[in-house]
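A.B. asks: Build me a model from this:
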Amino acid sequence: MSTFTDAQIEEALESLPGWSQEGEAIVRTYEFADFRAALDFMNRAAGPVEEMDHHPEWTNVYNRVDIRLSSHDAGGVTGRDIQLANVLERVAGAVA
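C.D. replies: Numbering: from 1, shown residues only. Model (predicted):
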């Protein structure tokens, strides 16, 4: 699995509003109505994340979930990260 170039990441993120590149990863912060909604998002995302066997770095503080995606085994952003970002977008849309 090869890592994306900065240009490839930039192009992929055009269809992922709110996502940005930060070093060797892509990042996004989701804000929900409250703590329960933030946890609902994480719980709903757990199934698809596990199916992909590609786990995000994420933290939750009250209504916010901060996510960092990188393919550590490849040393940067790959297609799997972009695919997972799209899955997370769909899940977040269902929670909002």
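A.B. asks: When you work out contacts or count neighbours from here on, use the C-alpha atoms and nothing else.
C.D. replies: Will do.
A.B. asks: I believe Trp58 is in a strand; please confirm or correct that.
C.D. replies: Yes: judged by DSSP: H, G, I helix; E, B strand; the rest coil, Trp58 forms part of a strand.
A.B. asks: residues touching it, list them.
C.D. replies: Val65, Asp66, Ile67, Arg68 (CA atoms under 8 Å, 6 or more residues apart in numbering).
A.B. asks: of the residues you listed, buried ones?
C.D. replies: Listed as buried from the contacts of Trp58 are Val65, Ile67, Arg68; burial here means 16 or more other CA atoms under 10 Å.
A.B. asks: What is the three-state secondary structure of the residue nearest the centre of the chain?
C.D. replies: With distances taken as CA atoms, centre = their mean, the residue of the chain nearest its centroid is Ala85 (4.0 Å). At Ala85 the chain is in helix, as set by three-state DSSP.
A.B. asks: Next, count neighbours for Tyr30.
C.D. replies: 18 (other CA atoms under 10 Å).
A.B. asks: Tell me the spacing between the residue nearest to the centre of the chain and Glu11.
C.D. replies: Separation of Ala85 from Glu11 (CA to CA, to the nearest Å): 14 Å.
A.B. asks: Overlap of the contact sets of those two?
C.D. replies: Counting by CA under 8 Å, 6+ apart, nothing touches both Ala85 and Glu11.
A.B. asks: related to what we said a few turns ago, what sits against the residue nearest to the centre of the chain?
C.D. replies: So Ala85 contacts Leu16, Leu69 (CA under 8 Å, 6+ apart).
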